[in-house]
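Chemist: Everything below, folded, please.
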Amino acid sequence: MIGLPLNGGQSIRRLRCLVETSSERLVSVPVAEAEPPAPTRRASFLPWLGRFKLQTKLIVPYVLLTVLVALIGTFVVTRLVTASVQERLANRLYEASRVAGDGVVRRERSHLETLRLMAFTQGVPEALAGEQAETLQNLLLPLALNNNVEVISAVNKKGQEVITLARDPASGQSLISKGADFSNFDPVEKILQSQSDAVGDKFIGLREAQFGPYLFTTAPVRDSGGELVGVLMIGTQLQVLLEDLRSQASADGVIVLDPTGKLVATTLAQPDEGYATLELETPVVSELLNSSQESPPLTRDLMVNQRSYRAFFAPLIIRQQTMGALGVVIASDYVVATEATSRNQLSLIFALGTAFVVLIGYLLARSIANPILRLRTISQAVAAGDLTQQTGLKQGDEIGELASAFDTMTLRLRQRTAELVQSEKLAAVGQLTAGIVHDVKNPLAVIKGLSEELREELGSDPAVLEQLNAIRDNATRANTIVSDLMKFARQSTPEMTRRDLRETVEASLRLTEYLARRAKVKYLPDLPAHSVLVTYDAQQLEQVLINLIQNAIQAMPNGGTLRVNLSQTETTVAIAVQDTGTGIAAGNLPRVFDPFFTTKPEGEGTGLGLSVSYGIVARHGGRINVESQVGQGTTFTILLPVEQPEFTQG
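Modeler: Reported below is the predicted structural model:
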């Protein structure tokens, strides 16, 4: 017979010592380090740079190239400045035209935002449907003032003006009008006819008003049932809009022509020759409006009040609708002023620019070299075995991505090392218990049987009977410990089937409901209403859940709350068991899955429950995470893959 004491606590302590010794040996095993391959030398067009550090290799060629380019650029620009002036003027005209066009689009978008605000203001659809002008005034006037709207009109389903609120450009006071007919105004007519285009059900148009031409944007107003009750119109005085565009484009003037080439509005003062000098022939405008984007721009030289100008005309397109032509005007004497720029000034500009570029290049080189050097230092520390290192680089470029990938690699390597240590612990205990459990279980059965026979024969002596009871109870307790070891060592292969994980969670809650009720623990299950189909072994996973729930209940001796949450992503399911118990000390968290580790009093636990659960989940291709705070509670989270494409016993 094996000389193993019958006291179960001493047996467990011996096994714990063996496991801890095994794990220490596992961690301390040295790993042979492979020598890094010798660096391969590559041919370089500057071989002498190979003797310098990385920062020098980045900065020196950059500075030399910058100075060389600056010298050549100064030489070329000072001789070609005259030839480039015309092109620069054309570019300026083009850019000013683009800015002006963008300004018109922005104003139209502002109209749309204000129209949405007004159309969905409570009470506006009802007031418009009832043609309640005073109510509309009270609702729309504050919005118009807050959004700097120059004119707002409310039109009924017949196209008749219910009310118009307009701001006098001279005095700034609000004027009111009623009864005008807008049924023939194209943007209103399209809405009343329930038309829409590729952009939507909003429309724009130019219309002459009391204070000149306005750019109007119209939108339908519908009641709560979706029925059209009328139209809202927001307008901006074209003259005011053009002044704003002229300022944005830094131009001397802005011109708007209708599709026939006639002048609609302009910021230029009236020429002595009359505004006709600003207009274009109808065929020219038609060709411009029908031209493709690849067509050359339309430019014209103008003489206004004895001053030379150059105008750039482009189609005025809003909401995919061509409204006419938009022209941007810049004085031609800009060419003369640019040609008069001295060579010394250009040289000074290039010198300053070169210095600035060199400074930027130096900073860029530092920003590249320093993170690489940091990565080198951290990688050397990791290679030496320190897996706690982090780069600390939070850049948004490729170096930042490399640092993030390096940190992720280090973290996963650290996690994988911990999992490997845990797996080796479980394997060591399994091999140990498999060798002794059968030899121990049979003698225990003999001891228990003989104690029962002796109790029957010597039951008359109370002292002897008490000792025999002690022998029987300790043999029973030792047999229970050996049975737990047998379960732990068996490590059976899961029988994978695809079924509803929610049913297994509910079954585990039902089986432990009596324990929870007796311990005054309140269940708070959080399970999805639909099925959660997962490939797993229902019996083994139910064993894991019952063990976690029982541990949680035992951690709340004075009652508490137990939350069980089941959630799912496309590839993973998570089961969280959260209690409000005593919690686990931070120093014990890394050891909770170690075999025979337990914080329960002597005799109340073998410390195998969580180890067995860890092994079951690992054989399912998942993992268990634990978070805890002393005095607040503990959360165990089981993460499992939805599918088991290939099963290998771990």
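Chemist: Give the buried residues for stretch 376-395.
Modeler: 378, 382, 389, 391, 393 (16 or more other CB atoms under 10 Å). Every residue, glycine included, has its C-beta placed from N, CA and C.
Chemist: OK, contacts around Leu238?
Modeler: By CB atoms under 8 Å, 6 or more residues apart in numbering, the contact set of Leu238 is 206, 212-215, 256, 264-265.
Chemist: Show me where the stretch 501-650 of the chain dips below the pLDDT cut-off.
Modeler: The stretch 501-650 of the chain contains residues with pLDDT under 70 at 596, 599-608, 645-650.
Chemist: And the strands in it?
Modeler: In the stretch 501-650 of the chain, the segments counted as strands under DSSP state E, counting those that start in this stretch are 521-526, 533-536, 560-568, 572-579, 623-629, 633-641.
Chemist: Specify the angle between the first one and strand 560-568 in degrees.
Modeler: Put plainly, it is strand 521-526. Counting by axes from the mean of the first three to the mean of the last three CA atoms, to 10 degrees, strand 521-526 lies at 20 degrees to strand 560-568.
Chemist: Please check the contacts of Leu238 and keep the buried ones.
Modeler: Buried members of the contacts of Leu238, scored by 16+ other CB under 10 Å, are 206, 213-215, 256, 264-265.
Chemist: Kindly indicate which of the residues you listed lies nearest Arg107.
Modeler: Nearest to Arg107, judged by CB to CB, of those is Leu215 at 7.2 Å.
Chemist: what domains does the record give for the protein?
Modeler: What automatic domain parsing lists as the domains of the chain is 8-23+426-485, 67-338, 492-641.
Chemist: nearest to Leu348, of these?
Modeler: Of these, nearest to Leu348 by CB to CB is domain 67-338, at 9.9 Å.
Chemist: tell me the mean pLDDT over that closest one?
Modeler: Taken as a whole, domain 67-338 carries a mean pLDDT of 84.
Chemist: Off-centre distance for it?
Modeler: Mean-position distance between domain 67-338 and its chain equals 38 Å (CA atoms, centre = their mean, to the nearest Å).
Chemist: Now render the strands of the stretch 501-650 of the chain as TSV, adding distance to Val329.
Modeler: What follows is the strands of the stretch 501-650 of the chain, written out as TSV (distance: least, CB to CB, whole Å):
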stretch	distance to Val329
strand 521-526	69
strand 533-536	71
strand 560-568	64
strand 572-579	64
strand 623-629	69
strand 633-641	68
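Chemist: Number of residues surrounding Thr277?
Modeler: The number of residues packed near Thr277 is 13, by other CB atoms under 10 Å.
Chemist: Let me fix that, I meant to ask about Gly327.
Modeler: 28.
Chemist: Then Ser531?
Modeler: Neighbours of Ser531 (other CB under 10 Å): 11.
Chemist: circling back to that earlier point, any chance of the buried ones among the contacts of Leu238 in JSON lines, plus distance to Asn474 and secondary structure?
Modeler: As requested, these are exported to JSON lines (distance: CB to CB, whole Å; DSSP: H, G, I helix; E, B strand; the rest coil):
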{"residue": "Leu206", "distance to Asn474": "103", "secondary structure": "strand"}
{"residue": "Pro213", "distance to Asn474": "106", "secondary structure": "strand"}
{"residue": "Tyr214", "distance to Asn474": "101", "secondary structure": "strand"}
{"residue": "Leu215", "distance to Asn474": "98", "secondary structure": "strand"}
{"residue": "Val256", "distance to Asn474": "104", "secondary structure": "strand"}
{"residue": "Val264", "distance to Asn474": "107", "secondary structure": "strand"}
{"residue": "Ala265", "distance to Asn474": "106", "secondary structure": "strand"}
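Chemist: Show me the two of the residues you listed that sit farthest apart.
Modeler: Farthest-apart pair in the buried ones among the contacts of Leu238 is Tyr214 and Val256; separation 11.9 Å (CB to CB).
Chemist: quick one on the thing from earlier: could I get the contacts of Leu238 in JSON lines, plus columns for distance to Arg222?
Modeler: Shown next, in JSON lines, are the contacts of Leu238 (distance: CB to CB, whole Å):
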{"residue": "Leu206", "distance to Arg222": "26"}
{"residue": "Gly212", "distance to Arg222": "32"}
{"residue": "Pro213", "distance to Arg222": "29"}
{"residue": "Tyr214", "distance to Arg222": "25"}
{"residue": "Leu215", "distance to Arg222": "24"}
{"residue": "Val256", "distance to Arg222": "33"}
{"residue": "Val264", "distance to Arg222": "32"}
{"residue": "Ala265", "distance to Arg222": "33"}
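Chemist: about what we covered before: adding distance to Glu401, write the domains of the chain out as a markdown table.
Modeler: Shown next, in a markdown table, are these (distance: least, CB to CB, whole Å):
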| stretch | distance to Glu401 |
| --- | --- |
| domain 8-23+426-485 | 36 |
| domain 67-338 | 31 |
| domain 492-641 | 23 |
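Chemist: So the residue nearest in space to the middle of the chain: helix, strand or coil?
Modeler: Central residue of the chain (CA atoms, centre = their mean): Gly396, 14.0 Å from the mean position. Assigned state for Gly396: coil (three-state reduction, DSSP: H, G, I helix; E, B strand; the rest coil).
Chemist: before we move on, what about Gly230?
Modeler: strand.
Chemist: tell me which element the closest residue to it other than its chain neighbours is part of?
Modeler: Of all residues not flanking Gly230 in the chain, Leu128 sits nearest, at 4.1 Å (CB to CB, 6 or more residues apart in numbering). Taking DSSP states H and E as the definition, one finds Leu128 inside helix 124-129.
Chemist: That helix: what's the following helix or strand?
Modeler: Sequence order places helix 133-146 as the next helix or strand after helix 124-129, per DSSP H and E.
Chemist: if I read this right, Thr260 contacts Thr282, doesn't it?
Modeler: Yes: the pair Thr260 / Thr282 is scored as a contact, 4.9 Å apart, by CB atoms under 8 Å.
Chemist: if we compare the strands of the stretch 501-650 of the chain, which one ends up closest to Val76?
Modeler: Proximity to Val76 (CB to CB) singles out strand 572-579 among those, at 62.2 Å.
Chemist: number of nearby residues for Gln270?
Modeler: 11.
Chemist: element containing it?
Modeler: Remark: Gln270 resides in no helix or strand, with elements defined by DSSP H and E.
Chemist: Now do the phi/psi pair for it.
Modeler: With angles defined as degrees, to the nearest 10, Gln270 sits at phi -60, psi 120.
Chemist: residue contacts, it?
Modeler: By CB under 8 Å, 6+ apart, the contact list for Gln270 is empty.
Chemist: Would you check how far apart it and Ile204 are?
Modeler: From Gln270 across to Ile204, the span is 28 Å (CB to CB, to the nearest Å).
Chemist: for Arg517, same thing?
Modeler: Arg517 sits 71 Å away from Ile204, going by CB to CB.
Chemist: These two - which one has more neighbours?
Modeler: The residue with more neighbours, out of Arg517 and Ile204, is Ile204; 19 against 12, by other CB under 10 Å.
Chemist: my read: that one touches Gln321, true?
Modeler: Yes: the criterion here is CB under 8 Å, and Ile204 meets it with Gln321 at 6.5 Å.
Chemist: quick one: the longest helix along the chain to helix 133-146, angle?
Modeler: The longest helix of the chain (DSSP state H) is helix 54-119. Here helix 54-119 runs at an angle of 160 degrees relative to helix 133-146 (the same axes, to 10 degrees).
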